[in-house]
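Peer 1: pasting the sequence and the predicted coordinates here, then a few questions.
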Amino acid sequence: MDKGKKVSKTKRKTLTWKEVQRCIEFMPDGECRLNLSFKEINMVPQSLQKLGSLHEVNLSRNLLKTIPDFIGGFMSIKVLDLHSNYVKELPITIGDLQALETLNLSNNHLMRVPKELGLLKNLHTLNLGLNQLQTLPPSIGNLKKLSFLNLSDNQFIVVPNCLGKLSDKVRIGLDRNPFLTRRAFRRKSVETPRTFHLVKGSDLCEECLMKCQTEKETVKKLEEMKITEIGPKLISGNTQSGCSHA
């Protein structure tokens, strides 16, 4: 199993209603939390639709490949943790979670995320680390309350344009993407060489010319957005504290 997932494949696919009920916790502040982490399920239980007042749902470290459309019906959810599964895509109904504040999708197989993520007006923590993303929808720039965005360990070769629309106060993690080096993450401006060797574009092979153009655009965007470095630890959706998903 890749990326350090620690659950093993079994014949079990989902949970009964009684099993789900045993995983419900009522917090001192009156909020309701459902913890289905490490249950070896490969399907989100349909019985979850009976729970209308959940505030926190933890489905991490399972075998989930898809997230059902009915997830959008949990209008009171503030924290949704789906890290360390096999999810390849998200339903557009995820944009209906207007109360959502923390969304952890790290360590999955996402190649894209829906534009509807930009509708989550109360979202302040979005963890998309350890996926296969190459682009982000422009709507991500609409997340006005966002304070932390983790894009580390993906497949970005250029800085997504939508990041330039986010507040300067947003902490953005882009560690270990194909085009980035640690120098690019320093809070200070990207260092500029004191000397240059000028060559004609016609003297460069097509591959080198494209690389130079890409590097130029990358440095410019990094300077404009003041992207900062975060460490290898990722934010855990259910605790909002450092958590290594190894």
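Peer 2: Structure's in. What do you need? Computed from a predicted model, the values in this text were never measured in an experiment.
Peer 1: so who does Pro178 touch?
Peer 2: Neighbour list for Pro178: Gln155, Phe156, Ile157 [criterion: C-beta atoms under 8 Å, 6 or more residues apart in numbering]. Placement of C-beta: from N, CA and C, glycine included.
Peer 1: mind telling me what element the closest residue to the second one other than its chain neighbours is part of?
Peer 2: Distances taken as C-beta to C-beta, 6 or more residues apart in numbering put Asn177 closest to Phe156, at 4.3 Å, once the chain neighbours are dropped. Asn177 belongs to no helix or strand when elements are defined using DSSP states H and E.
Peer 1: all numbers from here: first residue = 26
Peer 2: In the new numbering, first residue 26, that becomes Asn202.
Peer 1: does Asn202 touch Gln180 like I think?
Peer 2: Yes - between Asn202 and Gln180 there is a contact under C-beta atoms under 8 Å: 7.0 Å.
Peer 1: more neighbours: these two, which one.
Peer 2: Asn202 (20 against 13; other C-beta atoms under 10 Å).
Peer 1: okay, that one: pLDDT?
Peer 2: Asn202 is assigned 94 on the pLDDT scale.
Peer 1: now it: how far from Gln159?
Peer 2: 9 Å (C-beta to C-beta, to the nearest Å).
Peer 1: export the contacts of Pro203 as TSV, with columns for distance to Pro163.
Peer 2: Converted to TSV, the contacts of Pro203 look like this (distance: C-beta to C-beta, whole Å):
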residue	distance to Pro163
Gln180	19
Phe181	15
Ile182	18
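Peer 1: residues contacting the nearest residue to Phe204 once chain neighbours are set aside?
Peer 2: Ranked by C-beta to C-beta, 6+ apart and with sequence neighbours excluded, the top spatial neighbour of Phe204 is Ile182, at 4.8 Å. Counting by C-beta under 8 Å, 6+ apart, Ile182 makes contact with Gln159, Asn202, Pro203, Phe204, Thr239.
Peer 1: cool, Asn147 as well?
Peer 2: Per C-beta under 8 Å, 6+ apart, neighbours of Asn147: Gln123, Ala124, Leu125, Glu126, Lys170.
Peer 1: send me stretch 99-106 as CSV with only the CA atoms.
Peer 2: Only the C-alpha atoms of stretch 99-106 are listed here, as CSV (Å, rounded to 0.1, in the frame of the first residue of the first chain):
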residue,chain,number,x,y,z
PHE,A,99,-24.4,17.7,5.8
MET,A,100,-24.9,21.4,6.0
SER,A,101,-23.6,21.7,9.6
ILE,A,102,-20.2,20.0,9.1
LYS,A,103,-17.3,22.2,10.1
VAL,A,104,-14.5,19.6,9.8
LEU,A,105,-14.3,16.9,7.1
ASP,A,106,-11.2,14.6,7.2
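Peer 1: now it: average pLDDT?
Peer 2: On average, stretch 99-106 scores 96.
Peer 1: mind listing what's buried in it?
Peer 2: Phe99, Ser101, Ile102, Lys103, Val104, Leu105, Asp106 (16 or more other C-beta atoms under 10 Å).
Peer 1: coming back round to it: would you list the phi and psi of the residue nearest to Phe204?
Peer 2: For Ile182, the backbone dihedrals are phi -110, psi -10 (criterion: degrees, to the nearest 10).
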